[in-house]
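sequence and predicted structure are below.
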Amino acid sequence: MTTDLFDLTGRTAVVTGARRGIGFAMAEALAQAGADIIGASASQESDGGAIGRRVRELGRRFEGHAVDFRSREAVTEFGRAVADRADILVNNAGTIRRAPAAEHPAEYWDEVIDVNLNSQFALSQLVGAGMIARGGGKIIFTASLLSFQGGINVPGYAAAKSAIAGLTKALANEWASKRVNVNAIAPGYIATDNTEALRDDPDRSRSILERIPAGRWGEASDLGGATVFLASRASDYVSGVVLPVDGGWMGR
């Protein structure tokens with residue numbers, strides 16, 4: 001095995017939610033491996049802002065798109081714009097709303113399902129069709145530990161991330177024979193905006209850390225290696241997998 005298996009030179013990767021956090025780290029890792037980046041977030045600057053500067057520092061091209069992932073129309077427009085150029089799609093854009101299930105506002109549920117599930121299928125459908133037509137590609141979803149578990153006070157998020165695990169397998173079943181590999185990464189407890197409320201709660205933070213064999217919160221950069229693997233030739237016979245990157249959480 002050589003490092004050529006992980007070389008993404010000449011590839012174009014579409015990364016949603018690329019402006020910060022996990023998406024930023026994924027886009028950076030893909031650029032380090034040689035890919036040009038098309039980044040999309042709700043408030044993504046046209047020049048890419050911080051992630052655009054970082055990608056260009058690495059000698060790669062960056063193209064930024066502001067996309068409202070709550071809107072099917074906006075996602076469809078974006079998907080059509082990139083479908084014929086995307087060798088890699090990282091479906092990472094997401095949101096989370098916290099409230100007990102009995103009091104969970106309908107607008108919380110609708111927003112989370114629209115952003116975390118509906119938009120991801122719509123974009124995958126458009127980009128996947130382009131990949132099939134060109135003879136192959138790589139699609140990577142950002143799943144979650146809540147693709148396996150129920151969570152607390154996040155029913156919409158747990159439902160969407162469980163559905164992402166099923167969608168990963170469903171698309172993989174249809175598209176593996178067409179050389180389109182569909183897989184997902186399930187991040188553990190990563191120190192991002194989404195987990196700030198948990199980290200700010202001393203009791204909850206302590207209970208989480210006690211469960212993680214690695215003994216620490218993950219960093220967004222911890223997702224980079226798995227992203228490059230699933231985007232590269234090294235994973236050509238990997239299909240329908242939900243890969244935990246969680247410091248050992250799921251092994252407990």
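Sure thing, it's come through.

got the contact list for G21?
Listed by CB atoms under 8 Å, 6 or more residues apart in numbering, the contact partners of G21 are I190, T192, D193, N194, A220. From N, CA and C alone the C-beta is placed, and that goes for glycine too.

let's see 6 Å
Residues near G21 by CB atoms under 6 Å, 6 or more residues apart in numbering: T192, A220.

measure the closest residue to R60 other than its chain neighbours to L8 for me?
With sequence-adjacent residues excluded and distances taken as CB to CB, 6 or more residues apart in numbering, R60 is closest to A31, at 4.4 Å. Distance, A31 to L8, by CB to CB, to the nearest Å: 9 Å.

now do S162
Remark: distance between S162 and L8 (CB to CB) = 30 Å.

when the two are compared, which one has more neighbours?
Taking other CB atoms under 10 Å, S162 and L8 do not tie; L8 has more neighbours (23 against 19).

which stretches of this protein have low pLDDT?
Applying pLDDT under 70 to the chain flags residues 1-3.

how far does the helix ranked longest in it sit from the chain's center?
As assigned by DSSP state H, the longest helix anywhere in the chain is helix 155-175. Relative to its parent chain, helix 155-175 has a centroid offset of 12 Å by CA atoms, centre = their mean, to the nearest Å.

what ranges do the strands span in the stretch 1-150 of the chain?
With DSSP state E, counting those that start in this stretch, the ranges of strands along the stretch 1-150 of the chain come out as 12-16, 36-41, 62-66, 88-91, 137-142.

what's the closest of those to I51?
Nearest of the strands of the stretch 1-150 of the chain to I51, taken as CB to CB: strand 36-41 at 5.7 Å.

contact partners of that closest one?
Everything outside strand 36-41 that qualifies as a contact, by CB under 6 Å, 6+ apart, is 12-19, 27, 31, 48, 51, 55, 60-65, 67, 82.

can you check stretch 74-85 too?
T12, V14, I38, H65, V67, D68, S119, A122, L123, L126, V127, G130.

apart from its chain neighbours, what residue comes closest to the last one?
Spelled out, it's G130. The spatially closest residue to G130, leaving aside those adjacent along the chain, is A83, at 3.8 Å (CB to CB, 6+ apart).

what is the neighbour count of the residue nearest to R60?
Using other CB under 10 Å, A31 is surrounded by 24 other residues.

any idea how far it lies from W175?
25 Å.

and A226, by the same measure?
Counting by CB to CB, the gap from A226 to W175 is 20 Å.

again, but for D84
In this view, D84 and W175 are 17 Å apart by CB to CB.

between the two, which one's more packed in?
A count of neighbours by other CB under 10 Å puts W175 above the other of D84 and W175, at 22 against 13.

for N92, what are its contacts?
N92 makes contact with T16, G17, G23, T142, according to CB under 6 Å, 6+ apart.

with distance to A99 added, can I get these in TSV?
Formatted as TSV, those follow (distance: CB to CB, whole Å):
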residue	distance to A99
T16	25
G17	22
G23	25
T142	22
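
compare those residues and tell me which has the most neighbours.
Highest neighbour count within the contacts of N92: T16, with 30 neighbours (other CB under 10 Å).

max-length strand in the chain?
The longest strand of the chain (DSSP state E) is strand 180-187.

show me what that strand pairs with in its sheet, parallel or antiparallel.
Applying DSSP bridges, strand 180-187 is found paired with strand 137-142 (parallel), strand 242-245 (parallel).

export these as a markdown table, with columns for distance to S235.
Shown next, in a markdown table, are the strands paired with strand 180-187 (distance: least, CB to CB, whole Å):
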| stretch | distance to S235 |
| --- | --- |
| strand 137-142 | 7 |
| strand 242-245 | 10 |
